[in-house]
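*Asks:* coords below, sequence missing:
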């Protein structure tokens, strides 16, 4: 039996699960998206790295393993080689982050890549040089943003300027571009890669497009770096 303090992944939707925050990624949140290929075989996607412990490994195995491990940014990496070896997974990462995994066989991309008929990844530089998001079409459109967009204290999805932010104007441009790339009908939910406590018990950000639309983008341009 696992220790009583070990938390198990929680359902965000029927086929999307969020793992407990991982200390190895500074409290980052990883997700498992359940998918099947054209032959009905498991083609699951793990987004960033949860803790590599027995509970998480057993949960992943019980749900069909991992076909693809997608890394949203360099801060989402932890024990990538262990996950790849345990589940024989391909590791998909933007090319500007791939060099940080010299011991891992990676499948890198430049601007975007289609992972399945319902999931694709695309480059969204700013937080780090190779930050990227995953868009999952079901449920009205779910965007996994890593640390590109995080909930603020009101729970709204927001670009957050940090002392280690790679390029703030570029991050803002990419974030604002989401409003032209999507519509309220194609972007209903954001699953952020950290700061889940600001969601006050919720496991996702709803009305995602409308909340992005309501941000004060001019004020964000002058934001000072947080710690």
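*Replies:* Perfect, thanks for sending it. Fair warning: this is a prediction, and the values are worked out from it, not measured in the lab.

*Asks:* List the buried residues for stretch 117-135?
*Replies:* Buried positions in stretch 117-135, judged by neighbour count with 16 or more other Cβ atoms under 10 Å: 119, 121-135. For glycine as for every other residue, the C-beta is placed from the backbone atoms N, C-alpha and C.

*Asks:* Just the mean pLDDT for it, thanks.
*Replies:* The pLDDT scores in stretch 117-135 average 96.

*Asks:* Out of the buried residues of stretch 117-135, which is nearest to residue 205?
*Replies:* residue 133 (13.3 Å; Cβ to Cβ).

*Asks:* so what's that closest one up against?
*Replies:* 72, 121-122, 124, 143-146, 148 (Cβ atoms under 8 Å, 6 or more residues apart in numbering).

*Asks:* ok, now residue 140?
*Replies:* So residue 140 contacts 185-189 (Cβ under 8 Å, 6+ apart).

*Asks:* re the thing from before, got CSV for the contacts of residue 133, with distance to residue 211 and secondary structure too?
*Replies:* Formatted as CSV, the contacts of residue 133 follow (distance: Cβ to Cβ, whole Å; DSSP: H, G, I helix; E, B strand; the rest coil):
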residue, distance to residue 211, secondary structure
72, 20, coil
121, 22, strand
122, 20, strand
124, 17, coil
143, 12, strand
144, 16, strand
145, 12, strand
146, 18, strand
148, 15, coil
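
*Asks:* just curious, which of those residues is nearest to residue 99?
*Replies:* residue 72 (16.4 Å).

*Asks:* okay, now that closest one: neighbour count?
*Replies:* 30 (other Cβ atoms under 10 Å).
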